[in-house]
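*Asks:* Have a look at this prediction, sequence included:
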Amino acid sequence: MRGGARLMPGRAVVRVAALLGALLVAMAVTPARASDRYERLAAVVHVHSDISTGDFTLDELGAMAARQGIGAVLLSENYLNRVEYSLPPFRSLTRVTYESRGVHGRVTEYFARAAQARAARPDVLIVPGVEAMPHYFWSGSPFSLAMTLHGVQKNLLVWGLGPEALAKLPVIGNAAAGGAGWQTLLDALPAALVVPGIVMLTRPRSQRHRIAHAVVVTRHRAWLPGLVLCAVGITAIVRGWPFVYTPYPAFADAGAAPYQDFIDYVGRAGGVAVWSLPEARDIGEQTVGPVRVAWSTEPYPDELLKTFGYTAFGAVYEDTTRVELPGEAWDRLLGEYALGQRTRVPWALGEAAFHDPSAGKRLGSIQTVFLVRERSESAILEALRAGRMYALQRTIDTGLALDEFTARAGESDAVSGQTLHARPGAPLEVTVAVGTVEPRATDVRITLVRNGSIVEAWSGSTPFRVTRRETWDGQPAVFRIDARAAAGGRLLSNPIFVRAS
C-alpha cells in the first residue's frame, strides 16, 4: 500500500506534464489572431473646449466622456482663427482684421492645461491637437459693395506636434512661418516716412519776410506735416511688423499648393495631418455698413485626390457623405496605393466636430475606435498612422462593435491597416464579426467591399459572424466593410490589403 501510494503521484505528474506539453504544442501550431493582439479604445476625434470655440471646459469634457465609456478625447482647438482684408499697394496700412479665440501664441499654455486635465482624470486620455486653416481668399471688392470669403472651413487637423513645431505652422497670417517678398517691401516703404517727419520736427526751417526796406528771418518747425509723416510711418511699422508675408496671399485662389505645403510640413515635423469634414458646406452672409460680406466653403472631396501624404480624413460625421461609398473617391485612393501610385494610405475616421450641445448634438454620437497596444497617447497616434481603427456612428441606445475583421492566408493574417502577403492561388479567408457595445442584439446589414465593388452582403442579428472564402488570383486586393444597424448607426472599417509574397 505504501509503495502504491508512492507510485500514484508519479503517474499524475506524468499525465500533467503530457497535458501541458500538448497545450504548448497546440499554442505553437495555432497562432493567435492578429485582432487578439490589440485592445479596442473608443475615442471622440475633433473636439473643441472653451480654450477656443467650445462651450465646455476640459474637465467637463473628460467627465462626459467617462460617463459614456469613451477612453480618449482628441482635441482640435482652433489654431489661428483670423481673417484679414486689405487694399493694394500698402496692405498693412489698409488691413482690416477679424479674429475669434484660438491657441496661436499660447500653445504652451494649452498643452499645460491638457496635461493637467489628463492627470486629474487618468481614465480618459486628453490628446491636444489643433484645427488649422492653411489658406482662404477673397473675391469681389468693397467698391462693388459685395465681397465673398472662400475656404475658411477648408481645414486640416493636426496631432503629434510639440509647441515649437506648432508655432511655425505654415498657415495664412502666421508671421512665424512667413517670408519676404515684394509685398513686404511695399509694406515697409511707408515706415520710411518717419525719417523726414523727425527732420521736420527737430530742425527749424528758416523763412525770410520783407518788411518795407528790412528783411526779417524767422525760424519755426513744421509741426503739422512732421506729425502726420511720423504718424503714418509709425502706424506702418506697428501694423506691418515683423514685415513678413505669406507665400499664398488672401487676394488669390492658390489651389492645392498651400494645403500640400501644410501637409508636408506636418509630416516632416513628425505629426499627423487629417483632412476635416471634406464634404461639409458652410455658407453665410452679413452686412458691414453698406458692404455685403458673404462666406462660403463648398465641399472639397477632390482635395483628397489632389494632395498626398496626409494621414486620414473625416469619413463619417453628422452630414451626408459620398466619398466613402463603394467605388467613390476613397476606393480610388486605396486603389492608387495598392498599385504603388501613393506612398501613404489615406485612412478613414469618424469625426465629431463637437463644440456644444446645440441642435441635439452629443459628445459620443460619432466615435473612432482605435486598436491599440496600450492605453497611451503615443499608442493612439501609432494606431492612427497605421490605420488600425474604425469609424462609428451610434444612436443613444445602440453602438455597433467590430469584434473581428481579419484576412488570413495559411498561417498569416492581418487586420485593418495591415497588408497580408500571400501566394497566388492560395486559399484566402476574410472573417467579419460584428456585435454591439451594449448587451442587446440588433439587426445589422454588413457589406464587404473588394477593390471598390460590393462582393458580399449579409443580414442578420448581432452577434453576427461570417467568413468569405476565395482563391486569391494574385492581383492586389483591398477589403473593407460597411455595417449598418436597422435601428440606426453605422460602422466603417479601414481596409486590409492583400499582396503577393
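*Replies:* That came through fine.
*Asks:* Spatially, which residue comes closest to the residue nearest to the spatial centre of the chain, not counting chain neighbours?
*Replies:* Centroid-nearest residue in the chain: L157, 2.5 Å away (criterion: C-alpha atoms, centre = their mean). Nearest non-adjacent residue to L157, counting by C-beta to C-beta, 6 or more residues apart in numbering: V274, 4.3 Å away. Quick note: C-beta positions are derived from backbone N, CA and C, even for glycine.
*Asks:* Could you tell me whether the one you found really is in a helix?
*Replies:* No. V274 is assigned strand when assessed by DSSP: H, G, I helix; E, B strand; the rest coil, not a helix.
*Asks:* Who are the packing partners of the helix or strand hosting the residue nearest to the centre of the chain?
*Replies:* Assigned by DSSP states H and E, L157 belongs to strand 156-159. Helices and strands touching strand 156-159, by 3 or more C-beta pairs under 8 Å, 6 or more residues apart in numbering; DSSP states H and E, are strand 129-132, helix 257-268, strand 272-275.
*Asks:* and the second one, what does it pack onto?
*Replies:* The helices and strands touching helix 257-268, judged by 3+ C-beta pairs under 8 Å, 6+ apart, are strand 156-159, strand 272-275.
*Asks:* Would you convert these into a markdown table that also reports distance to Q68 and mean pLDDT?
*Replies:* Output for the helices and strands packed on helix 257-268, formatted as a markdown table (distance: least, C-beta to C-beta, whole Å; pLDDT from 0 to 100):
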| stretch | distance to Q68 | mean pLDDT |
| --- | --- | --- |
| strand 156-159 | 21 | 98 |
| strand 272-275 | 22 | 98 |
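*Asks:* Which of those strands sits closest to G240?
*Replies:* strand 156-159 (28.2 Å; C-beta to C-beta).
*Asks:* helix or strand right after the strand holding L157?
*Replies:* According to DSSP H and E, the helix or strand after strand 156-159 is helix 163-167.
*Asks:* Buried residues in the following helix or strand past that next one, which are they?
*Replies:* Per DSSP H and E, the first helix or strand lying C-terminal to helix 163-167 is helix 182-188. Within helix 182-188, the residues that count as buried by 16 or more other C-beta atoms under 10 Å are Q183, T184, L186, D187, A188.
*Asks:* Show me which of those has the smallest pLDDT value.
*Replies:* Minimum pLDDT across the buried residues of helix 182-188 is recorded for Q183, with 70.
*Asks:* any idea whether L305 is helix, strand or coil?
*Replies:* helix.
*Asks:* okay, now it: neighbour count?
*Replies:* Using other C-beta atoms under 10 Å, the number of residues around L305 comes to 15.
*Asks:* Contact partners for the closest residue to it other than its chain neighbours?
*Replies:* For L305, ignoring the flanking residues on the chain, the nearest one in space by C-beta to C-beta, 6+ apart is A329 at 6.1 Å. Neighbour list for A329: P301, D302, L304, L305, R322, V323 [criterion: C-beta atoms under 8 Å, 6 or more residues apart in numbering].
*Asks:* Apply 7 Å and report the result again.
*Replies:* P301, L304, L305, V323 (C-beta atoms under 7 Å, 6 or more residues apart in numbering).
*Asks:* Just the buried ones out of those, please.
*Replies:* Buried by 16+ other C-beta under 10 Å: P301, L304, V323, out of the contacts of A329.
*Asks:* Would you check how far apart Q418 and R121 are?
*Replies:* 32 Å (C-beta to C-beta, to the nearest Å).
*Asks:* R373 now?
*Replies:* R373 is 22 Å from R121, where distance means C-beta to C-beta.
*Asks:* The two: who's more crowded?
*Replies:* Neighbour tally, R373 and R121, criterion other C-beta under 10 Å: the higher count belongs to R121, 16 against 13.
*Asks:* On the three-state scheme, the residue nearest to the more buried one when sequence neighbours are not counted is what?
*Replies:* Once flanking residues are discounted, R121 sits nearest to G62: 4.2 Å by C-beta to C-beta, 6+ apart. Put simply, G62 is helix when judged by three-state DSSP.
*Asks:* picking up where we left off before, please report the distance of the residue nearest to L305 from V466.
*Replies:* Distance from A329 to V466, by C-beta to C-beta: 28 Å.
*Asks:* cool, V124 as well?
*Replies:* 34 Å.
*Asks:* Same list, the helices and strands packed on helix 257-268, but as JSON lines with distance to S461 please.
*Replies:* Listed next are the helices and strands packed on helix 257-268 as JSON lines, based on distance: least, C-beta to C-beta, whole Å:
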{"stretch": "strand 156-159", "distance to S461": "36"}
{"stretch": "strand 272-275", "distance to S461": "35"}
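*Asks:* If you count neighbours, what's buried in stretch 142-159?
*Replies:* Judged by neighbour count using 16+ other C-beta under 10 Å, the buried positions of stretch 142-159 are 142, 147, 149-159.
*Asks:* So what touches that stretch?
*Replies:* Against stretch 142-159 from outside (C-beta under 7 Å, 6+ apart): 46, 74, 76, 83, 127, 129-141, 262, 266, 271-276, 280, 282, 290-297, 300, 381.
*Asks:* Give me the distance between the two termini of that stretch.
*Replies:* Start-to-end span of stretch 142-159 (C-alpha to C-alpha, to the nearest Å) is 38 Å.
*Asks:* List the buried residues in the host helix or strand of V44.
*Replies:* Assigned by DSSP H and E, V44 belongs to strand 39-47. Residues of strand 39-47 classed as buried by neighbour count (16+ other C-beta under 10 Å): R40, L41, A42, A43, V44, V45, H46, V47.
*Asks:* wait, what's in contact with the second one?
*Replies:* Spelled out, that is L41. With C-beta under 7 Å, 6+ apart, L41 has these contacts: G71, A72, V369, F370, V372, R375, I380.
*Asks:* show me where the stretch 251-400 of the chain has strands.
*Replies:* 272-275, 282-288, 291-297, 312-316, 347-350, 366-372, 389-393, 400-409 (DSSP state E, counting those that start in this stretch).
*Asks:* Indicate which one of these is closest to T235.
*Replies:* Of all the strands of the stretch 251-400 of the chain, it is strand 282-288 that lies closest to T235, at 22.0 Å by C-beta to C-beta.
*Asks:* Switch the contacts of L41 over to JSON lines; also include pLDDT.
*Replies:* Shown next, in JSON lines, are those (pLDDT from 0 to 100):
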{"residue": "G71", "pLDDT": "97"}
{"residue": "A72", "pLDDT": "98"}
{"residue": "V369", "pLDDT": "97"}
{"residue": "F370", "pLDDT": "97"}
{"residue": "V372", "pLDDT": "96"}
{"residue": "R375", "pLDDT": "95"}
{"residue": "I380", "pLDDT": "98"}
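*Asks:* List only buried entries from these.
*Replies:* Buried among the contacts of L41 by 16+ other C-beta under 10 Å: G71, A72, V369, F370, V372, I380.
*Asks:* Give me the pLDDT for the nearest residue to the fourth one once chain neighbours are set aside.
*Replies:* Closest residue in space to F370, ignoring its immediate chain neighbours: A383 at 4.3 Å, by C-beta to C-beta, 6+ apart. On pLDDT, A383 comes in at 97.
*Asks:* For A383, list the residues it contacts.
*Replies:* For A383, the contact set (C-beta under 7 Å, 6+ apart) comprises F370, L371, V372, M389.
*Asks:* And for the second one, the neighbour number?
*Replies:* Each residue near L371 was counted by other C-beta under 10 Å, and the total is 24.
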